[in-house]
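Trainee: Quick one, fold the following:
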Amino acid sequence: MSLKKDLDELLDAEVITDEMANRIRAYYMERKGGRSPHRLILAFGVLGALLVGLGVILIIAHNWDKLQRPVKLLFAFLPLLIAQGIALYTLLRKSGQSAWREGSAVFLTFAIGASISLVSQIYHIMGDLSSFLLVWSLLVLPIVYILRSSMASLLYLIGITAYACHEGYNYPSTPPTLYWLLLGGAVPFYYRLCLQAKNSNFTFFHHWFFPLSLITVLGGMAERQEELMLLAYFSLFGVLYLMGKLPYFSTLLKRQNGYQVIGVAGMMFMLLIWSFDEPWREVSRHTFYMSGEVFLPIAFVLLNMGMLYLYWPKDKKDTIDPLAYISLVFVLIFLVGTEHAVAASLLVNTLLLLVGVWVVINGSKRQALGELNFGMLLLAALISCRFFDSDLSFVSRGILFVVMGVGFFMANYWMLKKRTGHEGK
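Mentor: Next up is the predicted model:
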């Protein structure tokens with residue numbers, strides 16, 4: 001019998017949990033990968049390309065001022081020509097070897113950046129960092145598809161994120177609306193990677209880089225109504241969490257599922273920040289008006305609602321995950337906060353308390369030690385925020401922190417004892 005069939009049978013019989021099944025799959029995948037030197041060769045190939053590229057740049061930079069302009073121009077294009085030659089050789093002779101594709105793609109990516117910057121310096125071509133990053137990223141994008149390079153794709157995501165941040169966060173700032181088109185350029189490659197290399201480490205990195213890029217850039221889209229970004233961010237975290245719950249991602253381990261981890265962590269972090277009164281007072285003092293900035297938060301809210309509709313259990317046996325609906329509840333709290341700051345703060349604290357209690361209870365039922373600790377950590381963070389927000393004495397705060405620490409210890413001890421008892425039967 002196959003491993004998949006055996007695990008499905010054990011899951012149907014409720015002998016093991018989903019978390020245990022995921023761990024078993026990961027264990028056998030790691031064992032299978034550990035027998036082949038493929039990953040090691042790939043890692044050394046990429047590392048070697050990085051070191052060669054950086055070494056060439058440092059050698060040229062050391063003697064740059066002593067060189068004549070024609071020699072400078074030669075050195076400006078020489079790394080690019082060498083990198084293109086290696087890339088052409090890879091396509092003609094080594095296209096089936098990922099180590100060659102990844103290494104040549106990384107070398108060519110850095111050679112392009114070095115050539116652009118050197119030519120600009122030689123001829124004193126004026127320009128800012130954002131235009132340099134934009135041109136560099138646009139030239140890297142074809143490399144991603146021609147060489148089928150996952151590493152070039154990750155570098156491209158870093159490049160467009162840096163470009164968007166420079167545009168959106170530097171004064172005078174301009175919303176980097178071109179970022180959405182640039183991000184869409186990497187989506188087809190990411191989609192193909194998910195289909196053809198689901199268990200590749202490069203695919204797992206993409207599961208983290210895509211949401212992190214979105215979160216980093218989103219704040220730069222605001223112009224005059226920054227408060228609206230609160231709705232956009234929270235809805236985005238809700239969308240990311242729901243994406244992590246899709247069948248494709250739900251079978252992954254937590255460290256591989258960047259969407260779910262970032263989504264839930266982002267929602268909890270924002271709830272803790274907005275559990276204080278002062279941020280809501282800023283929102284209640286702001287006068288909102290119709291402008292182009294309104295459409296982005298609305299789009300994320302509608303996208304979140306659409307995914308919630310798809311996620312709604314179709315079978316009576318399916319359970320409802322309250323964490324999936326936090327983002328929708330927060331939209332209602334935000335509407336309250338535009339008029340009543342104290343009421344919104346009270347609602348956020350109540351929501352955090354309910355979520356923390358539910359996570360602890362659910363983790364206890366499922367015997368999931370990580371989930372139990374996450375729930376208790378969330379409750380401890382909420383209590384800590386209220387302690388530092390109150391006039392309690394240091395002795396009272398110290399006693400309460402000791403009580404929380406003991407609670408953590410007792411809960412983990414009880415869970416481990418319960419697990420040991422089940423294993424002994």
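
Trainee: Could you give the number of residues near the closest residue to Gly244 other than its chain neighbours?
Mentor: Excluding its sequence neighbours, the residue lying closest to Gly244 (C-beta to C-beta, 6 or more residues apart in numbering) is Gln260, at 2.5 Å. Bear in mind the C-beta positions are built from the backbone N, C-alpha and C, glycine included. By the measure other C-beta atoms under 10 Å, the count of residues near Gln260 is 23.

Trainee: what does stretch 139-150 rub up against?
Mentor: Stretch 139-150 has contacts (C-beta atoms under 8 Å, 6 or more residues apart in numbering) with 87, 90-91, 101-102, 104-106, 108-109, 112, 116, 152-153, 155-156, 159, 185-186, 188-189, 193, 197, 200, 202-203, 205-206.

Trainee: Show me which of these are buried.
Mentor: Among the contacts of stretch 139-150, the ones that count as buried by 16 or more other C-beta atoms under 10 Å are 87, 90, 101-102, 104-106, 108-109, 112, 116, 152-153, 155-156, 159, 185-186, 189, 193, 200, 202-203, 205-206.

Trainee: Can you tell me the SS state at the residue nearest to Gly244?
Mentor: Classification of Gln260 using DSSP: H, G, I helix; E, B strand; the rest coil returns helix.

Trainee: mind listing what it touches?
Mentor: Gln260 is in contact with 240-241, 243-245, 249, 254, counting by C-beta under 8 Å, 6+ apart.

Trainee: any weak-confidence spans in the stretch 1-150 of the chain?
Mentor: Applying pLDDT under 70 to the stretch 1-150 of the chain flags residues 1-5, 7, 11-12, 14-15, 18-19, 25-46, 49-50, 53-54, 56-67.

Trainee: those helices in it, which residues are they?
Mentor: 3-12, 18-34, 38-62, 69-93, 98-122, 129-146, 150-169 (DSSP state H, counting those that start in this stretch).

Trainee: The chain - how does it break down into domains?
Mentor: By the assignment in automatic domain parsing, the chain contains the domains 1-34, 225-425.

Trainee: mind checking which of those is nearest Leu129?
Mentor: For the domains of the chain, the distance to Leu129 is smallest for domain 225-425, at 23.3 Å, taking C-beta to C-beta.

Trainee: Could you give the number of residues near the nearest residue to Glu226 once chain neighbours are set aside?
Mentor: Computed as C-beta to C-beta, 6+ apart, the closest residue to Glu226 that is not its neighbour in sequence is Gly219, at 8.0 Å. Residues lying near Gly219 (other C-beta under 10 Å) number 14.

Trainee: ok, Gly219 - contacts?
Mentor: Contacts of Gly219 (C-beta under 8 Å, 6+ apart): 168-169, 226, 229, 233.

Trainee: how about the residues you listed in JSON lines, adding pLDDT, distance to Leu369 and neighbour count?
Mentor: Putting the contacts of Gly219 into JSON lines (pLDDT from 0 to 100; distance: C-beta to C-beta, whole Å; neighbours: other C-beta atoms under 10 Å) gives the following:
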{"residue": "Gly168", "pLDDT": "87", "distance to Leu369": "40", "neighbour count": "22"}
{"residue": "Tyr169", "pLDDT": "87", "distance to Leu369": "39", "neighbour count": "13"}
{"residue": "Glu226", "pLDDT": "78", "distance to Leu369": "39", "neighbour count": "13"}
{"residue": "Met229", "pLDDT": "84", "distance to Leu369": "36", "neighbour count": "19"}
{"residue": "Tyr233", "pLDDT": "92", "distance to Leu369": "30", "neighbour count": "20"}
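
Trainee: quick one: which two of the residues you listed are the most distant?
Mentor: Tyr169 and Tyr233 (14.8 Å).

Trainee: right, and Ala111 touches Pro79 too?
Mentor: Yes - contact criterion C-beta atoms under 8 Å: Ala111 and Pro79 qualify, at 4.2 Å.

Trainee: Does anything pack onto the helix or strand containing Tyr241? Which helices or strands?
Mentor: In the assignment (DSSP states H and E), Tyr241 maps to helix 228-244. Using 3 or more C-beta pairs under 8 Å, 6 or more residues apart in numbering; DSSP states H and E, the elements in contact with helix 228-244 are helix 201-218, helix 258-273, helix 295-311, helix 326-337.

Trainee: Can you list the buried residues in stretch 159-173?
Mentor: Going by neighbour count (16+ other C-beta under 10 Å), the buried part of stretch 159-173 is 159-168.

Trainee: Stretch 287-295: end-to-end distance?
Mentor: End-to-end span of stretch 287-295 (C-alpha to C-alpha, to the nearest Å): 17 Å.

Trainee: Quick check: mean pLDDT of that stretch?
Mentor: The pLDDT scores in stretch 287-295 average 72.

Trainee: chain center to stretch 233-243: distance?
Mentor: Remark: stretch 233-243 is offset 11 Å from the chain centroid, using C-alpha atoms, centre = their mean, to the nearest Å.
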